[in-house]
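Asks: Sequence first, then the predicted structure:
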Amino acid sequence: MSDLAEKIKKETEGLGPVEALTLVSDIFRDKIVFSTS
């Protein structure tokens with residue numbers, strides 16, 4: 001879980017709040033899709 005948090009932190013660095021939120025929701029959507037399939 002901490003790896004995911006680090007990844008998100010690194011990926012969203014320098015982005016505005018809207019871009020960061022979009023990216024985070026994309027990441028979580030991918031995680032959910034992979035874990036349920």
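Replies: It's in.
Asks: switch to C-alpha atoms for all contacts and neighbour counts from now on
Replies: OK.
Asks: Please point out which parts of the longest helix along the chain sit buried.
Replies: Longest helix in the chain, counting residues (DSSP state H): helix 17-36. By 16 or more other CA atoms under 10 Å, the buried positions in helix 17-36 come out as 20, 23-24.
Asks: send the alpha carbons of stretch 2-13 over as PDB?
Replies: The C-alpha coordinates for stretch 2-13 follow below in PDB (Å, rounded to 0.1, in the frame of the first residue of the first chain):
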ATOM      1  CA  SER A   2       2.800   2.400   0.800                       C
ATOM      2  CA  ASP A   3       4.300   1.600  -2.600                       C
ATOM      3  CA  LEU A   4       1.000   2.800  -4.200                       C
ATOM      4  CA  ALA A   5       1.100   5.900  -2.100                       C
ATOM      5  CA  GLU A   6       4.600   6.700  -3.200                       C
ATOM      6  CA  LYS A   7       3.800   6.100  -6.800                       C
ATOM      7  CA  ILE A   8       0.800   8.400  -6.600                       C
ATOM      8  CA  LYS A   9       2.900  11.000  -4.800                       C
ATOM      9  CA  LYS A  10       5.600  10.900  -7.500                       C
ATOM     10  CA  GLU A  11       3.100  10.800 -10.400                       C
ATOM     11  CA  THR A  12       1.100  13.700  -9.100                       C
ATOM     12  CA  GLU A  13       4.100  15.900  -8.200                       C
END
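Asks: before we move on, the earlier item: identify the residues contacting the longest helix of the chain?
Replies: Identification of contacts with helix 17-36 by CA atoms under 8 Å, 6 or more residues apart in numbering yields 8, 12.
Asks: re earlier: kindly indicate which of the buried residues of helix 17-36 lies nearest residue 8.
Replies: Using CA to CA, residue 24 is the member of these that sits closest to residue 8, with 6.6 Å.
Asks: how close does residue 9 sit to residue 32?
Replies: Per CA to CA, to the nearest Å, residue 9 is found 19 Å from residue 32.
Asks: Nearest residue to the middle of this structure?
Replies: Central residue of the chain (CA atoms, centre = their mean): residue 24, 3.0 Å from the mean position.
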